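Peer 1: coords please:
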Amino acid sequence: PMNHPGADGSFTGFDTELATAVCEKLGVEPEFVEINWDTKETELAAKSIDCIWNGFTMNGREDDYTWSDPYIDNSQVFVVAKDSGIATMADLAGKAVGVQADSSALSALNEEDNSDLKNSFASLTEYADYNTAFMDLEAGALDAVAMDIGVANYQIASRGDGYVILDEKLSTEQYAVGFKLGNEELRDTVNKTLLEMVDDGTFMKIADEWGVADTICLGK
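Peer 2: You can find the predicted model right below:
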């Protein structure tokens, strides 16, 4: 729900609409640029982008960027078929699990604290996108998918009630807007505008539209 191509090919989603609303208040026109994720720091350094605003996890990157205030508390969770019989993470032992490549869920699974859990899987498959992983989950090629809870809620809502999220969390993180290290001026401007949008209700209106209201932490 954070950012994805819409039916007309242009970007849409919670972060997209939020950034658009911030830019509107600042009297500037936003330009959304798709980048190679591996070169994001280079893009910022070269000023080809001004910020990274797309479900960007700040945890573990605190010293690499100048960050806005966090605005979403996000957890990494497992999604399974409702009739799978899987109720806990312990039940994933011997199961086929999917995850998106270079994602926070994969990073969490690679943490030492989760090594026993990861090693208990029959397999762990990396996917380019979660739509493909869900197709395999639906086809029975996967038993579970690890992902952000916001993405999980969005995927489940768009696919009916055949899936559930396990109660246990794999990990918890926060989303924020990442700026080039030292760019406090732009960070402060965006922070001020976001807090104004919290106060006037615009922020939560956009969050409600994209189904992420229960994960919002800004202003609370």
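
Peer 1: mind checking the SS state of residue 8?
Peer 2: coil (DSSP: H, G, I helix; E, B strand; the rest coil).

Peer 1: Start the count at 24 instead of 1 going forward.
Peer 2: Taking 24 as the first residue, the last one we looked at is residue 31.

Peer 1: ok, residue 58 - contacts?
Peer 2: 66, 72 (CB atoms under 8 Å, 6 or more residues apart in numbering). Where you see a C-beta, it was placed from the backbone N, CA and C, and this is true even at glycine.

Peer 1: now it: how far from residue 34?
Peer 2: 12 Å (CB to CB, to the nearest Å).

Peer 1: List the buried residues in stretch 220-233.
Peer 2: Using 16 or more other CB atoms under 10 Å as the test for burial, stretch 220-233 gives 220-221, 225-227, 229-230, 233.

Peer 1: with these in mind, which one is nearest to residue 127?
Peer 2: Ranked by distance to residue 127 (CB to CB), the buried residues of stretch 220-233 are led by residue 233 at 18.6 Å.

Peer 1: okay, now the nearest residue to the closest one once chain neighbours are set aside: neighbour count?
Peer 2: In space, and not counting its chain neighbours, residue 233 is closest to residue 37: 3.8 Å by CB to CB, 6 or more residues apart in numbering. When neighbours are defined as other CB atoms under 10 Å, residue 37 has 26 of them.

Peer 1: Likewise for residue 182?
Peer 2: Based on other CB under 10 Å, the number of other residues close to residue 182 is 13.

Peer 1: got a list of what the nearest residue to it once chain neighbours are set aside touches?
Peer 2: Spatially, and ignoring its direct neighbours in sequence, residue 182 is nearest to residue 157 (6.9 Å; CB to CB, 6+ apart). For residue 157, the contacting residues are 168, 178, 182, by CB under 8 Å, 6+ apart.

Peer 1: how about those residues in CSV, adding pLDDT?
Peer 2: Shown next, in CSV, are the contacts of residue 157 (pLDDT from 0 to 100):
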residue, pLDDT
168, 98
178, 85
182, 85
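
Peer 1: By residue count, what's the longest helix in the protein?
Peer 2: helix 207-223 (DSSP state H).

Peer 1: Check which helices and strands it is in contact with.
Peer 2: If you count contacts as 3 or more CB pairs under 8 Å, 6 or more residues apart in numbering; DSSP states H and E, helix 207-223 packs onto helix 37-49, strand 89-90, strand 201-202, helix 225-232.

Peer 1: which stretch among the ones you listed comes nearest residue 65?
Peer 2: strand 201-202 (13.5 Å).

Peer 1: before we move on, the earlier item: the longest helix of the chain: how far from the chain's middle?
Peer 2: 21 Å (CA atoms, centre = their mean, to the nearest Å).

Peer 1: What's the mean pLDDT across the biggest strand by length in the chain?
Peer 2: The longest strand of the chain (DSSP state E) is strand 95-104. The average pLDDT within strand 95-104 is 93.
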